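Novice: Got a sequence here, can you model it:
(chains A and B)
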Amino acid sequence: MSAVKTRRRPIVAGLLAGVAIGAAVGASTLTGASSESPTGPRPVVLHVARVLADPGADLTLTAGLACPGLAVSSTACDVRSAVAHVLPEEAGAWAEIEGRDEGGGYRFVVSGRSVGDEGLSYWLEFRTESGEVIRLPDGGAATPFRVVTTGGLREVAWPGEFDLSMPARTADSVVARLVYGDGAREVGRVGGVGDEQPLGPSSFEVAPDGSLSIADWVHRRVLVMSPRGAPRPTVPLPVARPVDVAAANHGELAVTTLGLGATAFELGPDGRVIGRYRVAHGVAERIARTPGGPHVWVGPAQWAPVRSRPGIALPAAAQSRGLASAVPGRDGSVALSQDLSGGRIAFVWARPDGSRAGAVLALPAGAQPGVDHFVQGLPDGGAIAARGLWSGSGEAVALLRFRADGSIATAYLIAPPTREMDAAASAVRFRAPDEVLVAYTNRKAFRIERFEVKAR
Amino acid sequence: MTRTIRAMVCIGVLLAGVLPAQRALASWASENCHGESWNRQTWKRSQADDYALRAVGEGYEFGGGCYKLNGYDDTPNAPTDGGGEGADCSGFTFKTWALPQDPGSSVEYRFWEHQKNIHGPYSTWAYYDPSPGYPFRLIQKTYAATAFMDALVERHSSFGHIALIHQEGSSGSDYIVHARNNTLGTELRYLPYRSDADFKAVSRKNWTAECYPNRCG
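Specialist: Coordinates of the predicted model:
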């Protein structure tokens, strides 16, 4: 009898220990987007970075501190001063510009006199009532944001017809169509009531070899397809939340959860976690693979590196100091775009010889720049760009092919992509040599359509 | 013996993932939602913003309205109307805007503690197409016309969504705070709702001026 009791005791103790561990793990892994740090919640700088400006024109910067989860009585997010430190390239000293409190953030107006032909550098500094000093980037004057100007870029207008309510261009083909469901070649599921649940995949990506990776977060896997849509082995996801996905050749993936307090992962072709990295800044919306490792988009024109070597996370300060306005493509080249005043958009890219090319597109009256679906430089020195546009009458995505001299070779309007993908900025992807892949959904299925953007 | 203990630990871990959730579904709201509410003389956009951000990281519940404010979703897998943690998008807007329960009430502002389990009378239909007597109205969707704590709302035949502007962005996107869905809970994101043709802008009527009680210069 006593022997039975003796045997039962460790069993009961084991069960209790297991329940305790399980409860603790559950509490920590099922949490939402907390900005908790080891020393408690910390302010997050929400910034809309600028990378291009018109020379001689005023430049407006906006940024604010957010303290999600903090009690109202806390002073951690009460801003005592907000200053933008600005260094015109032609000047030798930093100037301070005090931010104007606009309630939902601060506005810093850089006088056009400080925006010379060579551009400027800036960094932001917030001082709080609790005594904390928060800089973005963390390195301050040593690692500022860099703004280049539109000087020398070709000015172009939209060629041909323009009607945002009736995008004329239809796809050249459907690359993939996946019905919602739990089957091996199905994705996601039909959502719940009202706004209760999203549908389908959260993101998709094109690998350098043209294959597709579709983040089916509902089933914790990435579906992989050949360039023509034939199934390949799936890759398990390490998280049960919507993610953005970035793919490389040989099946390696990088994924990031979305929003505040995100976590990025590097995965082997079999789903093995190679590295797990806390994203220390901003609001994660997209991840990209670069020659220097994965970078996470944490705000407009802000890409943060998250690791030094595979498996070795970068500390928060190093992530902030490494913020880049654009990530290099797989060939190392950089391309970007920026909305400008007056309904214009600037596109800039590097030609294969390293020289700068670009254009400033003046939109037809009433149209405004929308989501930046990014720019891709081409071997011929030109570029392909995809940019959301909107007005009071509708919305569309502009597909543009630029020549090396910045002139427009072709321009189309297509229907806007799905808004059911949680990684909204990833609904449009480029595929070499001159294809744009766009995600669409209906209530039953997810599909990826292919648009060729060839020079005429 | 060691193997037995290990096995039991594993079983316990598995049980912990299931048992508390099952028990919580029936009773979480009734056990945790004892918040109060009271009429107020003032309610500023900045106060609404603070109120909204406190709920970031917490849960989402369709038809719900109660937050525990412990930094995570207490009922991540609660079914629809299961009494779980969080508001839905329209309930979150109702509480953040400190709206009175009765649309015809003379009460201007009513503060609802986060722990008060109330959704309010307004669905996304109401925000999308407000009656003149409602305490909110449609406004232009341009950056010049909106301010922080205004909302962006869409309504379709089978679903709708409303989200609050925390900080204005650019290119038709904004830093948004909203009760998103069961998976993501209540969150802060940078989203292109403004540039989405389906969304309209809606503003609470009669915000208290930020300078109050000082003279506005």
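Novice: count of neighbours near A:Ile274?
Specialist: 14 (other Cβ atoms under 10 Å in any protein chain shown). No exception for glycine: its C-beta is placed from N, CA and C like everyone else's.
Novice: Now do the SS call for the residue sitting nearest the centre point of chain B.
Specialist: Nearest to the geometric centre of chain B sits B:Phe92, at 2.4 Å (Cα atoms, centre = their mean). What DSSP: H, G, I helix; E, B strand; the rest coil gives for B:Phe92 is helix.
Novice: Please tell me how far the residue of the stretch 51-200 of chain A found nearest chain B sits from B:Ala145.
Specialist: Ranked by Cβ to the nearest Cβ, the top residue of the stretch 51-200 of chain A for proximity to chain B is A:Gly104, at 2.6 Å. Distance of A:Gly104 to B:Ala145, given as Cβ to Cβ, to the nearest Å: 14 Å.
Novice: More neighbours: these two, which one.
Specialist: A:Gly104 (24 against 11).
Novice: residues in the stretch 201-350 of chain A within reach of chain B, list them.
Specialist: A:217, A:241-242, A:258-261, A:283, A:285, A:299-300, A:339 (Cβ under 8 Å from any Cβ of the partner chain).
Novice: can you give me the helices for chain B?
Specialist: B:2-32, B:45-54, B:89-96, B:124-128 (DSSP state H).
Novice: weakest of those in terms of mean pLDDT?
Specialist: Here those differ in mean pLDDT, and the lowest is helix B:2-32 at a mean of 56.
Novice: remind me which residues of the chain are low pLDDT?
Specialist: Using chain A. For chain A, the stretches flagged by pLDDT under 70 are A:1-41, A:71-73, A:190, A:192-198.
Novice: if you could check chain B rather than the one you did, that'd help
Specialist: Short version for chain B, where the test is pLDDT under 70: B:1-27.
Novice: residue ranges of the strands in it, please?
Specialist: Along chain B, counting by DSSP state E, strands occupy B:37-40, B:65-66, B:86-87, B:109-112, B:136-139, B:151-155, B:160-168, B:174-181, B:185-191, B:200-204.
Novice: Out of those, which is closest to B:Gly57?
Specialist: Between B:Gly57 and these, the tightest spacing by Cβ to Cβ is seen for strand B:185-191, at 6.9 Å.
Novice: got a list of contacts for that closest one?
Specialist: Strand B:185-191 is contacted by residues A:32-33, A:46, A:66, A:68, A:258-260, A:283, A:285, A:299-300, A:424, B:53, B:55-60, B:67, B:73, B:76, B:86-87, B:92, B:163, B:166, B:169, B:173-180 when judged by Cβ atoms under 8 Å, 6 or more residues apart in numbering or on different chains.
Novice: now the angle between helix B:45-54 and that strand, please.
Specialist: Computed by axes from the mean of the first three to the mean of the last three Cα atoms, to 10 degrees, the angle separating strand B:185-191 from helix B:45-54 equals 120 degrees.
Novice: Tell me the strands beside strand B:185-191, with direction?
Specialist: The strands beside strand B:185-191 in its sheet (DSSP bridges) come out as strand B:174-181 (antiparallel).
Novice: Quick one: work out the angle between the strand it pairs with and strand B:160-168.
Specialist: Using the same axes, to 10 degrees: strand B:174-181 against strand B:160-168 is 150 degrees.
Novice: Report the angle between strand B:174-181 and helix B:89-96.
Specialist: 120 degrees.
Novice: Apart from its neighbours in sequence, what residue is nearest B:Arg155?
Specialist: B:Tyr128 (3.7 Å; Cβ to Cβ, 6 or more residues apart in numbering or on different chains).
Novice: Quick one: distance of stretch A:371-385 to the chain centre.
Specialist: Centroid separation between stretch A:371-385 and its chain, computed with Cα atoms, centre = their mean, to the nearest Å, is 17 Å.
Novice: in that stretch, what counts as buried?
Specialist: A:371-378, A:381-385 (16 or more other Cβ atoms under 10 Å in any protein chain shown).
Novice: Looking at the residues you listed, spot the one nearest A:Gly293.
Specialist: A:Phe374 (18.9 Å).
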